[in-house]
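*Asks:* Provided below for reference: sequence and predicted model.
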Amino acid sequence: MTGIKSTILKLSFVVVAMYGFSYALVPIYDTFCEITGLNGKTNQVAYTGNDIKKDNRFVTVKFISNVANSAPLYFEPTVTEMTVQIGKPYNTHYVMKNNSSKKLHTTASPSVTPGKYAEYLKKIECFCFNQQTIDAGEVKDLGIQFVIDNELPQDSGDIVLSYTMFDISDNIKETNKL
Amino acid sequence: MSANIDHLKEEHHQPSGLMRWITTTNHKDIGSLYLWFSLLMFFVGGLMALVIRAELFQPGLQLVVPGFFNQMTTMHALVMIFGALMPAFVGLANWQLPMMIGAPDMALPRLNNWSFWILPFAFTMLISTLFFESGGPAAGWTLYPPLSLQGGNSMPFVIFSIHLLGASSILGAINVIATILNMRAPGMTLMKMPIFVWTWLITAFLLIAAMPVLAGAITMLLTDRFFGTSFFTAAGGGDPVLFQHIFWFFGHPEVYILILPAFGIISTIIPAFSRKKLFGYDSMVYATASIALLSFIVWAHHMFTVGMPLAGEIFFMFTTMLIAVPTGVKVFNWVATMWKGSMTFETPMLFALAFIILFTIGGFSGLMLAITPADFQYHDTYFVVAHFHYVLVPGAIFAVIAAVYYWLPKWTGKMYNETLGKIHFWMTTIFVNITFFPMHFVGLAGMPRRIPDYAVQFTDFNMIASVGAFGFGLSQLLFVYILFSTLRQPVTVADKAWDGAEGLEWTLPSPAPYHSFDTPPKID
């Protein structure tokens, strides 16, 4: 019987370990994507360094927007395309309007295409670092300041910066209740 | 000693009627429960498939609304995988493993009872969601977010029932491993074990490694929906693609969980009716183990189109193709076993032969799907549906049917009607091909899966497939008739029901006594 008991003990350990492994896959995946620059996930922290040098190259940055789950929001870039000099900071903004009759909480999720250039688009300031609160019918300007890293490979084509705006009012209310 | 045990048996009060089955800890009783339950679920899942095929008989919407159609595709898969196939294999393991290794019972008889009795409750809960106002799960059995997070109230019920099914499988797997590793008859070394025992040992390890990962993935779905986490919700910085990775990290080993015991069954039946030893026993064991190991590093071939980097696509393409090598070893070993054997073609052998041919067709379409650039064309089309039904229906299900015909005389002491068995075989095999072969063509022509309506040029092949599906369903009623008519017959079968059969179970009387191998047999 001792043999059976030790088998069960070892196997139960494997079960628990594999359950833990499924959760460990989450940070592993994030790290993997960060290292390889997959998924177009951009840094969610502001760039504060000053090591980017100006360069005589120019690159086209395109701006697109999405609203998730048909939320009652108007959300569009004011400028859809900019030709920018590498290493020079630029400002642009998006416009968001609350088309509902309620105050909404929103958050934007950024993404860069092609994903491998995500790391070269440095955001100095971005509305995506914070959540927004927008009153019924209110129109808001959402600003971005960004700079393109001079490490950007020579053969890069256009870079597309996309934001998806989510209405997270329900989650906020639930958290407040708790 | 044996007189002593006989005495004990008489003393042992066993409840009769329903309580016997609820409280039983006997591996043969529990094996029967699993097999009957699996047969029931096979018909429940089959009815759902017939709803799908009836709707797809013609283009346009005829019988059901699209929402219900999606619930049918989702539930058909969940019921067939977790309700029909997995319990069937666990049932066969319960009946056969102790008899094959000369053990008196499974290592953990009470746990065994519990593993089974979780199932009816889990499936009651799962199927009850179909009667909810918001309907059952409709996002596909893979439960991909964000769609699965947007479903109705069925979602937490589905997740909880999958948790229960997973718990049942894990407990069953622990029991199988504990039995095989600790309770073999003296002298039966690992490399002397029957091949079915080997394939189940490896399957059980796959279950233990893969099921907890599924449990983790669906728990994350649950917390995303109800507790404000953001594993897969992009609004909170999560990533829906991550779910696909975790799911298929479980999902690919899962498909081998569904096929490795089938390999074991075929490797048992082919030698018995070829009257030769299994060719390349050692290579069979190593091939099974390498398929199991490879199954953990190929998962992303299910999701070539999510936007992986080229290096990833190539890695998963080549590792997937690599699996064809050990699988090929198995197929060639089966063929070599039959080479110059004195073969006879009883029903179990017919199903085993059909398995080899039709499973190999499914394997080849799998190789086609493994080719990344081609997969971009085939992904989420009926070609994929054709592929996995070829490996699961004339693959796994044929193996289960073959096993039932092969061991039924041992379990009951009664012989089924060979003529009816052969009719069942031919009807099943012809209809299975009529059902699934045309799906290759519509898939290559671009018909998407999980869609209740389709473009008119696909009509002819879909009609053929629907006719085949109803024929296949009716043929299985013949199977049920054969089972019941066999049970009504008198006991006539010799200990060794098939003259080429090898193994300890055939040294026991037929029907196998309620308690067998109270003293372990000696193995040379």
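*Replies:* Alright, I've got the coordinates.

*Asks:* for the rest of this, base every contact and every neighbour count on C-alpha atoms.
*Replies:* Will do.

*Asks:* look up phi and psi at B:L278.
*Replies:* Its backbone dihedrals place B:L278 at phi -60, psi 130, with angles given as degrees, to the nearest 10.

*Asks:* ok, now which ones touch it?
*Replies:* Shown in contact with B:L278 (CA atoms under 8 Å, 6 or more residues apart in numbering or on different chains): B:267-268, B:270-271, B:333-334, B:337.

*Asks:* just these: which are in helices?
*Replies:* B:267-268, B:270-271, B:333-334, B:337 (DSSP state H).

*Asks:* three-state assignment of the residue nearest the centre of chain A?
*Replies:* Of all residues in chain A, the one closest to the mean position by CA atoms, centre = their mean is A:P110, 3.2 Å from it. Secondary structure state of A:P110, per DSSP: H, G, I helix; E, B strand; the rest coil, is strand.

*Asks:* same check on B:P156?
*Replies:* Using three-state DSSP, the secondary structure recorded for B:P156 is helix.

*Asks:* need the longest helix for chain A.
*Replies:* For chain A, the helix that runs over the most residues, judged by DSSP H, is helix A:2-36.

*Asks:* which elements pack onto that one?
*Replies:* With contacts taken as 3 or more CA pairs under 8 Å, 6 or more residues apart in numbering or on different chains; DSSP states H and E, helix A:2-36 sits against helix B:154-182, helix B:195-226, helix B:240-257.

*Asks:* any regions of the chain where pLDDT drops low?
*Replies:* All of this is about chain A. Applying pLDDT under 70 to chain A flags residues A:1, A:37-44, A:173-178.

*Asks:* not quite, go with chain B.
*Replies:* Filtered on pLDDT under 70, chain B yields the residue ranges B:1-13.

*Asks:* burial count for B:E133?
*Replies:* 10 (other CA atoms under 10 Å in any protein chain shown).

*Asks:* residue numbers of chain A in contact with chain B?
*Replies:* Taking CA under 8 Å from any CA of the partner chain as the criterion, chain A approaches chain B at residues A:3-4, A:7-8, A:11-12, A:14-16, A:18-23, A:25-26, A:29, A:38-39, A:107-109, A:165-166, A:168, A:171.

*Asks:* would you say B:G187 is within a helix?
*Replies:* No: membership of B:G187 in a helix is not supported by three-state DSSP, which gives coil.

*Asks:* look up phi and psi at it.
*Replies:* phi 100, psi -20.

*Asks:* show me what contacts it?
*Replies:* With contacts defined as CA under 8 Å, 6+ apart, the neighbours of B:G187 are B:522-524.

*Asks:* can you redo the helices and strands packed on helix A:2-36 as JSON lines with distance to B:V325 and mean neighbour count?
*Replies:* Formatted as JSON lines, the entries for the helices and strands packed on helix A:2-36 read as follows, by distance: least, CA to CA, whole Å; neighbours: other CA atoms under 10 Å in any protein chain shown:
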{"stretch": "helix B:154-182", "distance to B:V325": "27", "mean neighbour count": "22"}
{"stretch": "helix B:195-226", "distance to B:V325": "17", "mean neighbour count": "23"}
{"stretch": "helix B:240-257", "distance to B:V325": "15", "mean neighbour count": "22"}
